[in-house]
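Peer 1: sequence and computational prediction follow.
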Amino acid sequence: MSNYRALIHRLADHAGIGTDWRDVWGKTHTTPVDSLVALLDAMGVAAHSEASAKTSLKRRRHQDAVPATLVVDSGRNVAVPLPVLKSRHWIFTCEHSVPLEGKIDEGDRTLTLARVPDGYHRLAFPDDGLDMQIIASPGSCHVPTGADGHSWGLATQLYSLRSAAQWGIGDFTDLATLGAGVAHQGGTLIGVNPLHALFPAAPDRISPYSPSSRLFLNPLYIDVTAVPDLAASAEARERIAGNEFGHCLARVRTSALVDYPAVARAKSDILTMLWQSFRAQHLGSTQTERGQAFRRFQQAGGEALVRFAQFHALQAELIRRDGFAWKGWPAALSAANGAGVEGFAAAHEDEILCHQYLQWEADRQLGRAVGVAQLPIGLYRDLAIGADPYGADTWSSPESYITGASVGAPPDLLNRQGQNWGLTAYSPMALKAQAYAPFIAALRANMRHAGALRIDHVMGLKQLYLVPNGVSAERGAYIRYPFEDMVRILALESRRHRCLVVGEDLGTVPHAFRPRMQRANILSCRILMFERGAGDRFKPPSAYPALAAAAAGTHDLPPLKSWWLGADIQERQALGLFPNAVALHRDEAGRALDRQRLLAALKRQGLLPPNLGTEGFDDRLIEAVHRFLARSPSALMLVQAEDLLSVETMVNLPGTIDEHPNWRRRLPLTVEEMLVDPRFSELSSLRERPRRAEPRKKRHA
């Protein structure tokens, strides 16, 4: 190994970049040096020459010697490693008590703090100008009493909900109505897709898992008719009452798919009018009580809210001339601290304030929906694993992200060339340097108004596969994250928000990952189709773990009806997603066997409906499958709305963008119709107390 290559490997190790990885066939791949250099560069670590790499390595070793942040278990003594100090004086500022101070004994290389309580604390050496954050965690997440082994919830995509009065997309009022209905039937929670902010200036960018910001909400979910300022805006009411607007609403309400651009045009025009009315009436020389409430929201949102609003005002202004991506904007505007941002903000104050107003109203309506629903656990929100590389989060704080690489997956059985998901991820080095502030902010934003939070691709707390920009997916590398620190912080925020945590742990799960999740009270996702035993048989309900959320499927899998009929296979064939006829026939043959296996699993539980065969489709299968899952000891059972209503089409077909209408399909019934549908009323009888484990059969010689 050359000196330069060895140097790059050592530097990569300090930065948390894996220098090799093993594929699903057991073959070890060495990450190319140019990929390591590109990833280091994306993290702000210079390594393009031997000299720069040596300088960077020296700097990294110095920074690693005394960490800026320590994340520890609370209630224990903490030994803090000490840097070389001029003075022995220290001050420990506990989050919720008076500061303590003292002097380090001569020759000591550590300082012991006794029984540090939960919270975010600071240790300062004022004479040396040094300070350190100490985060103390209870170590395990909150588990509410409602998650007791016979709780169930309904999982849906908020945009897919229909109602008689909505404007072509599910909104927070629909969520309140459906949530109250679920509570009435004995459900404990309602799960939704990520509610993250997308791109008002580019309404065709619709994936909830590729957001502009994970800190703020998508204003398209606002119910315009429920905004208090509508009553005071004659202009808005007149526009809504007009024939042209009425025809527009009729089109979007009856469309089989969400027409995002049309919905965005209708809502944004009216919401802008409502903002102008609000500003005139409540933010004048004498602020009203409502005006003061808005100012308090702005103050609580702080710099993050200001930058979010500035970004979207900028994007609306620049997108036609300079493009969607902020990297193509004029240099003075291509970052939040750019020289031209302050001037732009002064000239576009109204638009920037309007974006903040929409966040205020979205937050108000979401909180109201949760209050109306009165579910024992509450709203089950979803936190995406990454963000769009050209969104508000990365523009606001590019140093927090690896903006020169995308999250993806190495080559595997289904994708021989690997995958590039087009998402950006946190820089592990930046997280440590920033005392995990971006991660903490995302948790707090998404635990707000939530009783449970799903962490998408939870393995990302430990590692992510990143692909440098401009290279093929197989030339990527795994990035290591400070897993123990992040789990402890997740537990601390979970306890503070009294928010249950579910980790989406589907796919390749690292060794010992699930046991660590269990110790932290993070529920595992257990999906019927993946829970197999010997001979690929479906596991019995008793084999499901207690700390789990059990379900028949997810938004990335075909609904039960589609799976049973093989409609998903037919669609993939029609779209040319099979590499060859052999792969197609293998999937068809495997599905035929799986239908038989599922019937056998139901029969062993005494749940197989009479005369139910493998030909055609029978709605009784859906009920039987959920009764099967309901017998598990898992803390939660989730019913997908698409399964409840026997939907045949997939919400999202992985591997497609425009070929399949991902994130646009609407449910066949309105919320009002769902609540009186017999299938909905039967939900209350699904969840049984878990059966005891089936006794082992004696083996005979």
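Peer 2: On my side now, so go ahead. Because the structure is a prediction, the values reported are computed rather than measured.

Peer 1: any stretches of the stretch 451-600 of the chain with poor pLDDT?
Peer 2: Nowhere does the stretch 451-600 of the chain drop to pLDDT under 70.

Peer 1: hmm, 90 instead?
Peer 2: Along the stretch 451-600 of the chain, segments meeting pLDDT under 90 span 507-509, 511, 577-579.

Peer 1: strands along that one, start to end?
Peer 2: 452-455, 463-468, 477-480, 500-503, 523-527, 548-551 (DSSP state E, counting those that start in this stretch).

Peer 1: can you give the strand pairings for the fifth one, parallel or anti for each?
Peer 2: With DSSP bridges as the criterion, the sheet partners recorded for strand 523-527 are strand 500-503 (parallel), strand 548-551 (parallel).

Peer 1: and for it, what's in contact with it?
Peer 2: Residues from elsewhere that reach strand 523-527 (C-beta atoms under 8 Å, 6 or more residues apart in numbering): 147, 454, 500-506, 514, 517-518, 544-545, 547-554, 557, 632, 634-636. The way it works is simple: take the backbone N, C-alpha and C, and place the C-beta from them, glycine included.

Peer 1: need the strands paired with strand 523-527 in a markdown table (columns: distance to Cys248 and mean neighbour count).
Peer 2: Output for the strands paired with strand 523-527, formatted as a markdown table (distance: least, C-beta to C-beta, whole Å; neighbours: other C-beta atoms under 10 Å):
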| stretch | distance to Cys248 | mean neighbour count |
| --- | --- | --- |
| strand 500-503 | 39 | 28 |
| strand 548-551 | 37 | 26 |
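
Peer 1: for those strands, give me JSON lines that also has distance to Ser35.
Peer 2: Formatted as JSON lines, these follow (distance: least, C-beta to C-beta, whole Å):
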{"stretch": "strand 500-503", "distance to Ser35": "28"}
{"stretch": "strand 548-551", "distance to Ser35": "36"}
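
Peer 1: ok, Pro32 - how many residues close by?
Peer 2: 16 (other C-beta atoms under 10 Å).

Peer 1: my read: it touches Ser472, true?
Peer 2: No. The criterion here is C-beta atoms under 8 Å, and Pro32 misses it with Ser472 at 10.6 Å.

Peer 1: what sits closest to Leu683 if chain neighbours are left out?
Peer 2: Once flanking residues are discounted, Leu683 sits nearest to Gln185: 4.9 Å by C-beta to C-beta, 6 or more residues apart in numbering.

Peer 1: who's in contact with the one you found?
Peer 2: Contacts for Gln185 (C-beta under 8 Å, 6+ apart) come out as Phe680, Ser681, Leu683, Ser684.

Peer 1: and the gap between the closest residue to Arg416 other than its chain neighbours and Asn415?
Peer 2: The shortest distance from Arg416 to any non-neighbouring residue, by C-beta to C-beta, 6+ apart, is to Pro579 (7.7 Å). According to C-beta to C-beta, to the nearest Å, Pro579 and Asn415 sit 10 Å apart.

Peer 1: what does Leu598 give?
Peer 2: For Leu598, the distance to Asn415 - C-beta to C-beta - is 26 Å.

Peer 1: so between these two, which is more surrounded?
Peer 2: Leu598 (23 against 14).

Peer 1: on that earlier part again, can you check the pLDDT for the residue nearest to Leu683?
Peer 2: Gln185 carries a pLDDT value of 95.

Peer 1: pLDDT weak spots in the stretch 251-400 of the chain?
Peer 2: Using pLDDT under 90, the stretch 251-400 of the chain drops low at 284-286.

Peer 1: now stretch 396-414: how far from the chain's centre is it?
Peer 2: Averaging C-alpha positions (C-alpha atoms, centre = their mean, to the nearest Å) puts stretch 396-414 15 Å from its chain's average.

Peer 1: no wait, stretch 455-464
Peer 2: 10 Å.

Peer 1: how about it: buried residues?
Peer 2: Neighbour-count burial for stretch 455-464 flags Ile455, His457, Val458, Met459, Gly460, Leu461, Lys462, Gln463, Leu464 (criterion: 16 or more other C-beta atoms under 10 Å).

Peer 1: and the furthest pair within those residues?
Peer 2: Spanning the widest gap among these are Ile455 and Gln463, at 14.2 Å by C-beta to C-beta.

Peer 1: break the chain into its domains for me.
Peer 2: Following automatic domain parsing, one finds the domains of the chain at 75-137, 151-364, 531-544+552-633.

Peer 1: of these, which stretch is the most buried?
Peer 2: Most buried of these, by mean neighbour count (mean count of other C-beta atoms under 10 Å): domain 151-364, with a mean of 19.
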